[in-house]
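Asker: structure for the following, please:
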Amino acid sequence: MSKLSDLKELISKNVDGLYEDIKISHNEITIECNTKQYFELMKTLRDNAELAFDQLMDLCGIDYSEYKNEIHEERIYAVVVHLLSISKNHRVRVKVFIDDNAVPRIDSVVELYSSANWYEREAFDMYGIIFNKHPDLRRILTDYGFIGHPLRKDFPVSGLVEMIFDEKENRVIYQPITIEPRNNVPRVVREEDYGA
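Answerer: Below is the predicted model of the structure:
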């Protein structure tokens, strides 16, 4: 039995009922859960002595509305978290698909992992994912007047507004975008096992 298979078995045993799927792919373990299971799963992964995933390494949002040359309409937003156990020297990825596409909402894990703070703010800013009970959920990369979420696939590449310096008002102002929308980027499709 491989080390990854042993770890998968250990995780399965200790988080029973808190996930929808657990698999090994590309030499990594991925646990998929729903939004109701997410917080309790993260707490168990951190607090269980056999697992001890005590460090949140990364958290990001993902837009799956167009994925693998297919259009998806259900559960298009997800949050992906990478955890590390320093004492046990193992890693795991947690993927959570959010049920509501109109207002994507999920529990914050800042009270479990303080390093999630700015990652969750970035996912909010770029994808519009709302993290319940986040201590300071506000934009982190775009300015306060920014409209929309720029990493969503339905956001126009050229944006919605542009900033210019108005000589008469002697200040920077926003105005509707004056660039014609276009897409010059060729679409690249990679085979399933690309990079494996």
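
Asker: so what are the sheet partners of the lowest-mean-pLDDT helix or strand in the chain and their directions?
Answerer: The helix or strand of the chain with the lowest confidence, counting by mean pLDDT, DSSP states H and E, is strand 70-71 at a mean of 82. Partners of strand 70-71 in the sheet, by DSSP bridges, are strand 66-67 (antiparallel).

Asker: circling back to that earlier point, pull the residues that contact the least confident helix or strand of the chain.
Answerer: The contact list for strand 70-71, computed with C-beta atoms under 8 Å, 6 or more residues apart in numbering, reads S65. Quick note: C-beta positions are derived from backbone N, CA and C, even for glycine.

Asker: what's the answer for stretch 47-62, then?
Answerer: By C-beta under 8 Å, 6+ apart, the list of residues contacting stretch 47-62 reads 10-11, 14-15, 44-46, 77-88, 91-92, 109, 112-113, 115-116, 119-120, 122-123, 126-127, 129, 151.

Asker: for the spatially most central residue of the chain, which three-state class applies?
Answerer: The centroid of the chain falls nearest to G61 when counting by C-alpha atoms, centre = their mean (2.0 Å). Under DSSP: H, G, I helix; E, B strand; the rest coil, G61 falls in the strand class.

Asker: start at 35 instead
Answerer: Happy to do that; since the first residue is 35 now, the last one works out to G95.

Asker: so for it, what's the pLDDT?
Answerer: Note on G95: pLDDT of 97.

Asker: what of R216?
Answerer: Residue-level pLDDT assigned to R216 equals 66.

Asker: wait, a helix at F87?
Answerer: No. Counting by three-state DSSP, F87 falls outside a helix, being coil.

Asker: give the bridge partners for Y208, please.
Answerer: Bridge pairing for Y208 - DSSP bridges - gives M197.
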